[in-house]
Structures are given as structure tokens and as C-alpha cells.
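> everything below, folded, please.
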Amino acid sequence: MYRLNEYKNAIENTNIVSKTDINGIITFVNEEFCNLCGFSEDELLGQNHNIIRHPDTPKSAFKKLWDTILAGRVHKGVVKNKKKNGDFFYAQTTIIPIFDEDGTIFEFIAIRHDVTKLFTLNEELVATKQKLMQLNENLEQVVAQKTNSLKILNENLEKKIEDAIAINNAQQKIIFQQNRQVILGQMLENIAHQWRQPLNELSLAIYLLHNEKKDKHYKLCQKLIQNMSQTINDFRDFINPNTPLEKHNLIKVIKHSLYISYQALKKNNIKTTFDIRAKKCCLLCNFNELVQVLVNIINNAKDAFLEQELDDKILHFKVFKEKKNLILQISDNAGAIPSNIIEHIFDPYFTTKHKKQGVGLGLYICKQILNKINADIRCFNKGNCAYFELIFKGEEC
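Next comes the predicted model:
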């Protein structure tokens with residue numbers, strides 16, 4: 001009996017213990033029970049155990065509890081209870097039916113452990129998890145919205161880039177057209193020079209047809225007409241923009257450019273000299289456009305000579321190889337180009353001439369034409385001479 005009392009004292013001093021009769025009326029509570037729920041022993045004894053029942057606990061849970069213990073079985077579970085001051089506490093509860101000698105239940109002993117901190121922590125964890133899940137959902141929505149915004153922004157940016165490219169291409173076409181009009185004017189002037197002498201000879205030959213040897217003068221007229229017709233073909237090919245890229249000899253391009261510019265050079269007493277050091281001068285280009293580049297440079301040299309009083313006017317052509325590149329240098333002795341001009345010389349609409357002589361597109365167009373065939377152009381001075389250097393890059397064709 002002594003040991004039994006020791007066990008009883010040990011349980012009561014370390015656990016939260018209460019007893020009720022079979023109707024749920026409290027018949028015993030230990031000190032730990034009173035401390036936890038806030039009621040005194042006198043306030044609890046004789047009261048129904050539902051005095052500490054929390055309204056959050058559903059009635060179905062209590063029905064299950066009573067069905068279990070009235071059937072003589074032990075009930076185990078966590079129950080949310082209410083303190084005297086209205087606060088709550090969670091208790092890990094074990095309710096054991098006590099039988100008399102006849103095997104009839106006459107009371108219930110409930111042994112509890114306070115697990116409020118554990119449940120509170122668990123609720124906080126659940127709440128935190130829900131917040132994180134909500135935050136994740138919100139974050140996914142924000143990311144989706146931002147992604148959609150970036151997609152729209154990207155589409156708008158692509159559209160703006162396409163529009164800008166289209167505008168730039170249109171401007172480039174206008175620039176090329178303006179330059180072709182300038183070049184065409186220069187070509188018409190050259191045609192006039194080319195045709196003036198043949199027309200004089202043709203007029204004389206026709207006059208002589210009436211007086212002298214008709215056959216001789218008739219053949220002369222035919223030859224003059226053929227030469228004039230060939231001149232028309234040459235200039236028509238020059239202004240044709242649809243010629244495809246083909247293999248051409250750079251020396252032939254130079255010769256054709258000088259043929260077109262012949263009368264202008266002759267009229268201004270400009271001599272041409274040559275230094276051809278490259279054995280093979282083949283390149284892939286648009287023949288007429290490359291001729292346009294050279295004619296542009298030749299005309300600029302002619303205009304520079306017009307501003308100088310020189311007895312010996314020299315336009316020099318030098319062709320050589322440098323590593324894998326084919327180089328053409330065109331230089332003149334009409335004076336060095338000022339430094340404040342040379343750094344802008346390939347800019348569009350930059351010109352030092354009177355507006356009637358051009359719109360400042362010639363050298364800009366030259367650079368664009370050369371870039372299309374993987375070539376480049378640069379300008380520099382050596383002493384009193386200006387140099388234009390055309391670099392045709394890559395292997396020989």
C-alpha cells in the first residue's frame with residue numbers, strides 16, 4: 001500500500017490530474033490542474049468537467065470521447081481547453097475508466113500534459129507556411145506580370161527597331177538617289193564634252209558629202225555615230241544600279257573611270273601617273289558602283305586643283321598588295337586637306353563646296369558602296385599631297 005501511495009504522489013506531482021464520476025462531475029483535481037486552468041479546487045469540485053471546455057472544440061469530438069470511455073476503453077488525444085480568464089491551453093490527455101469489483105465503471109481519471117507551447121509553435125509554423133505559400137503565389141503573379149510587361153516592352157522595342165531600320169533604309173535610298181542625281185549632272189557635263197568634238201566633225205563630214213568624196217565622208221560619219229552611241233551605252237551602264245556583283249579587274253575599273261573623266265581632266269590640264277605593283281588585281285564588286293567611287297574621288301581632286309594655281313597638276317594611282325588586302329591609293333598634289341575637314345570628310349551632308357556643286361554626299365556614298373563589298377576607304381595627308389586609300393579586304397577572287 002505504501003508503494004502504491006508513492007506512485008500516486010509521483011503521478012500527481014508531475015502531471016495534471018483530475019477525476020470525475022460517470023456523469024462528468026469533477027471529484028478530484030491536483031494542484032497542477034488548478035495552476036494551469038486558473039480555478040481553485042473549491043471552484044472545480046462538484047462542477048461538470050465542461051467548465052474548462054473550449055468553444056472551438058466541436059461537439060462531435062466530445063461525443064467520440066464519451067463513447068470511448070463509457071465503452072470501457074482508454075481515450076487519448078489533444079484537447080483545447082479554456083482557462084478561467086478566457087485564455088486557452090492545449091493538453092495531451094489520457095482518460096482511463098476505473099472499474100469496481102463488479103466490473104462497472106464508477107469514475108474516470110484524466111492525466112494531462114500541457115502542450116500549449118508546442119501547439120502554438122505549430123500554429124505559427126502553419127500560419128508562416130500559409131503566408132509563404134501566399135507570398136509565393138503573389139510572387140508568381142508578379143513575375144508573370146513583369147514577364148508579360150517585359151514581353152510587351154520587347155515586342156514594342158522590336159517594332160521600334162524595325163521602324164527605325166525601315167526609316168534608315170528609306171533615308172539611305174534618298175541619300176543614294178540624291179548622290180546619283182549629283183553624279184548624273186556631272187556625267188551629263190562629261191557627255192557634252194565627249195560629244196562636242198565628234199559633233200563638229202560630223203557636221204563637217206555631212207557638209208563635205210555634198211561636195212567631195214561621198215563614200216569617204218559617209219564612213220567617217222558612221223564611225224563618229226558609233227563612237228557617240230558607245231558613249232551613251234557607257235554612261236547608261238554607269239548609272240544602272242542593278243548590276244550584280246561579279247569578278248572584275250581593278251585596273252579596268254581605273255581605266256573606265258578615267259575614260260569617263262577624260263574631258264574634265266583634259267580641260268584642266270591634269271596629268272595622270274601610275275604605279276602598279278600588284279600582279280593580280282581581281283576583286284568581286286559591282287563594276288558601275290566602283291567606277292562611281294573612283295569618279296567621285298577624281299572629281300574632288302579636279303575641284304581641288306581649280307582652287308590652286310599649279311603648272312604641274314598630277315593625279316597619281318598606285319596599286320599594291322598588303323598582306324591579303326589589295327590597296328588602291330589615289331593622290332594629288334593640290335594641297336593637304338585641313339585637319340578640321342579631314343575628320344568629317346566621310347560624314348553625310350558634309351561639304352566645303354558651294355551648294356550648287358553638290359550636297360556633301362559623294363564621299364559618304366563612296367564609303368557605303370565600299371562597305372557592301374567588304375572594303376573600306378580612308379583619307380590622310382603626306383606633305384602637300386592628299387591621299388585616298390581604298391582597301392579591298394580578303395583573298396583574291
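> ranges for the helices of the stretch 1-150 of the chain?
Assignment of helices within the stretch 1-150 of the chain using DSSP state H, counting those that start in this stretch yields the ranges 2-14, 31-37, 41-44, 59-70, 116-209.
> again with the stretch 201-350 of the chain
Under DSSP H, counting those that start in this stretch, the stretch 201-350 of the chain gives helices at 214-238, 250-260, 262-267, 287-306, 339-342.
> between the two ends of stretch 93-112, how far is it?
4 Å (C-alpha to C-alpha, to the nearest Å).
> how about that stretch: buried residues?
The neighbour-count check on stretch 93-112 (16 or more other C-beta atoms under 10 Å) flags Thr93, Ile95, Pro97, Glu107, Phe108, Ile109, Ala110, Ile111, Arg112 as buried. Quick note: C-beta positions are derived from backbone N, CA and C, even for glycine.
> just send those back as CSV, with pLDDT too.
Shown next, in CSV, are the buried residues of stretch 93-112 (pLDDT from 0 to 100):
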residue, pLDDT
Thr93, 91
Ile95, 93
Pro97, 94
Glu107, 94
Phe108, 94
Ile109, 93
Ala110, 91
Ile111, 91
Arg112, 90
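> from Lys318, how far off is Asn381?
The gap separating Asn381 from Lys318 is 16 Å, by C-beta to C-beta, to the nearest Å.
> mind listing which of the buried residues of stretch 93-112 are in strands?
Thr93, Ile95, Pro97, Glu107, Phe108, Ile109, Ala110, Ile111, Arg112 (DSSP state E).
> which one among these gets closest to Lys146?
Proximity of those to Lys146 (C-beta to C-beta) peaks at Thr93, which lies at 51.4 Å.
> what's near enough to touch the closest one?
Counting by C-beta atoms under 8 Å, 6 or more residues apart in numbering, Thr93 touches His75, Lys76, Gly77, Val78, Val79, Ala110, Ile111, Arg112.
> ok, these vs Pro244, which is closest?
Nearest member of the contacts of Thr93 to Pro244, counting by C-beta to C-beta, is Val78, at 89.5 Å.
> check the contact between that closest one and Tyr90; I expect there is one.
Yes: Val78 lies in contact with Tyr90 (C-beta atoms under 8 Å); the separation is 5.8 Å.
> the two - which one has more neighbours?
The neighbour comparison of Val78 against Tyr90 (other C-beta atoms under 10 Å) goes to Tyr90, with 21 against 13.
> quick one: contacts for the more buried one?
Residues near Tyr90 by C-beta under 8 Å, 6+ apart: Val78, Val79, Lys80, Asn81, Asp114, Val115, Thr116, Leu118, Phe119, Thr120.
> for Glu140, see how far away Met133 is.
11 Å.
> try Asn249
Asn249 is 67 Å from Glu140, by C-beta to C-beta.
> and for Arg112?
44 Å.
> related to what we said a few turns ago, who has more neighbours, Asn249 and Glu140?
Asn249 (13 against 10).
> isn't that one up against Cys281?
Yes: Asn249 is within contact range of Cys281, at 5.4 Å (criterion: C-beta under 8 Å).
> neighbours around Val115, how many?
Per other C-beta under 10 Å, the neighbour tally for Val115 reads 16.
> typo on my end, it should be Lys267
10.
> how far away is it from Glu307?
16 Å.
> can you check Asp376 too?
28 Å.
> counting neighbours, go ahead and name the busier of the two.
Neighbours per residue, other C-beta under 10 Å: of Asp376 and Glu307, the larger number sits with Asp376, 13 against 9.
> distance from the chain centre to whatever helix or strand the more buried one lives in, please.
Assigned by DSSP states H and E, Asp376 belongs to strand 375-382. Centre-to-centre, strand 375-382 and its host chain are 33 Å apart (C-alpha atoms, centre = their mean, to the nearest Å).
> strands paired with it, and their directions?
strand 385-392 (antiparallel) (DSSP bridges).
> tell me the angle the partner strand makes with helix 287-306.
Orientation of strand 385-392 against helix 287-306 (axes from the mean of the first three to the mean of the last three C-alpha atoms, to 10 degrees) gives an angle of 170 degrees.
> residue ranges with poor pLDDT in the stretch 201-350 of the chain?
201-243, 349-350 (pLDDT under 70).
> same thing but 80
Where the stretch 201-350 of the chain drops to pLDDT under 80, the residues are 201-244, 348-350.
> residues in contact with Asn85?
Asn85 neighbours (C-beta under 8 Å, 6+ apart): Gly38.
> the nearest residue to Phe33 once chain neighbours are set aside: neighbour count?
Once flanking residues are discounted, Phe33 sits nearest to Ile16: 4.8 Å by C-beta to C-beta, 6 or more residues apart in numbering. Neighbourhood size, Ile16 [other C-beta under 10 Å]: 23.
> the closest residue to Leu45 other than its chain neighbours: neighbour count?
Nearest non-adjacent residue to Leu45, counting by C-beta to C-beta, 6+ apart: Ile26, 5.7 Å away. Look at Ile26: counted by other C-beta under 10 Å, it has 22 neighbours.
> what bridges to Ile26?
Applying DSSP bridges, one finds that Ile26 bridges with Thr20.
> thought it was touching Asn50?
No: taking C-beta under 8 Å as the definition, Ile26 is not a contact partner of Asn50, at 10.1 Å.
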